[in-house]
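Q: Just to be clear, the model below is a prediction. Sequence and coordinates:
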Amino acid sequence: MAQRLKLRQRLKAMRQGMTLIELLVVIAVILVIVGITYRVLSHTRERAHLATCISNLRQLVLAVHMYEQDWGTVPIELSAPVQTPEGIWGVVAQKLYPTYVKSKSVFLCPSDPTGGRLAPNLPGRSPILVVWRGEKWPNSYTFLVNDFVVKLFGKGNPRLKSQSPLFICAAHRRFLGVILIARYDGSILLHPPLSES
Ligand SMILES: [Zn+2]
């Protein structure tokens, strides 16, 4: 009788042990699933952000073309933008908004963790917080045609070729290591290229 009781207790202990191991396995499986889901979701989110960024860049290029049709020259950025206590004057953005670019959101990359307030420490050119007539809005994009480029290529109009770079997304380059350049012909240079997964 006592032996049977011992055996039963041993079996019970074993069952509890199994239960604990099972519990740990379940927790591990859940953690793995959560990890995979998180990665898939953040990957999907970045894909969506990239698509929005490319769409913004295309709209900006289109705006430059409309500006050129009206004024006979592309807008030109100052190579030394003016620093103000609130940020740096974004000359080209001022020329494009609101006549050629209707929404301020077009100037903001959704992958920009600073919300368009990148520190102006990129070599040569700065991403710009636009301040204009008391209005402010964020800008993640750097316009690459500045007065220095114009001096190099000609008076008034830099005579851009179809492959000439117009805009670069400073946020993607700086925070995600993805180079996104919009060219004069509206094509987007993307490096590294999109993977199929
Ligand atoms: Zn971007």
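A: Here it is on my side, so go on. Residues are numbered from 1 along each chain as shown.
Q: Return the residues of this protein in contact with the ion.
A: Neighbours of the ion within the chain, by Cβ under 5 Å from the ion: 53, 109, 111, 169, 171-172. All C-beta atoms are positioned from the backbone trio N, CA, C, and that covers glycine.
Q: Looking at pLDDT only, which of those scores worst?
A: Of all the residues of the chain next to the ion, A171 carries the smallest pLDDT score, 89.
Q: Phi first, then psi, for that one.
A: Main-chain dihedrals, A171, degrees, to the nearest 10: phi -70, psi -50.
Q: same check, this time on G116
A: The phi/psi pair for G116 (degrees, to the nearest 10) reads phi 90, psi 10.
Q: Give me the pLDDT for it.
A: 80.
Q: how distant is the longest helix seen in the chain from the center of its chain?
A: As assigned by DSSP state H, the longest helix anywhere in the chain is helix 2-71. The chain centroid and the centroid of helix 2-71 are separated by 22 Å, computed with Cα atoms, centre = their mean, to the nearest Å.
Q: Could you double-check that L62 sits in contact with A182?
A: No. The pair L62 / A182 is not scored as a contact, 9.9 Å apart, by Cβ atoms under 8 Å.
Q: These two: which has the busier surroundings?
A: A side-by-side neighbour count of L62 and A182, using other Cβ atoms under 10 Å, places A182 first with 27 against 14.
Q: average pLDDT for the helix or strand in which that one is found?
A: Using DSSP states H and E, A182 sits in strand 179-183. The average pLDDT within strand 179-183 is 95.
Q: Can you check what angle separates that strand from helix 2-71?
A: 30 degrees (axes from the mean of the first three to the mean of the last three Cα atoms, to 10 degrees).
Q: list the buried ones in strand 179-183?
A: Neighbour-count burial for strand 179-183 flags 180-183 (criterion: 16 or more other Cβ atoms under 10 Å).
Q: Can you give me every residue that contacts the nearest residue to L194 once chain neighbours are set aside?
A: Nearest residue to L194 in three dimensions, chain neighbours excluded: L50, at 7.7 Å (Cβ to Cβ, 6 or more residues apart in numbering). L50 makes contacts with 111, 172, 178, 180, 194, as judged by Cβ atoms under 8 Å, 6 or more residues apart in numbering.
Q: Nothing else from me, thank you.
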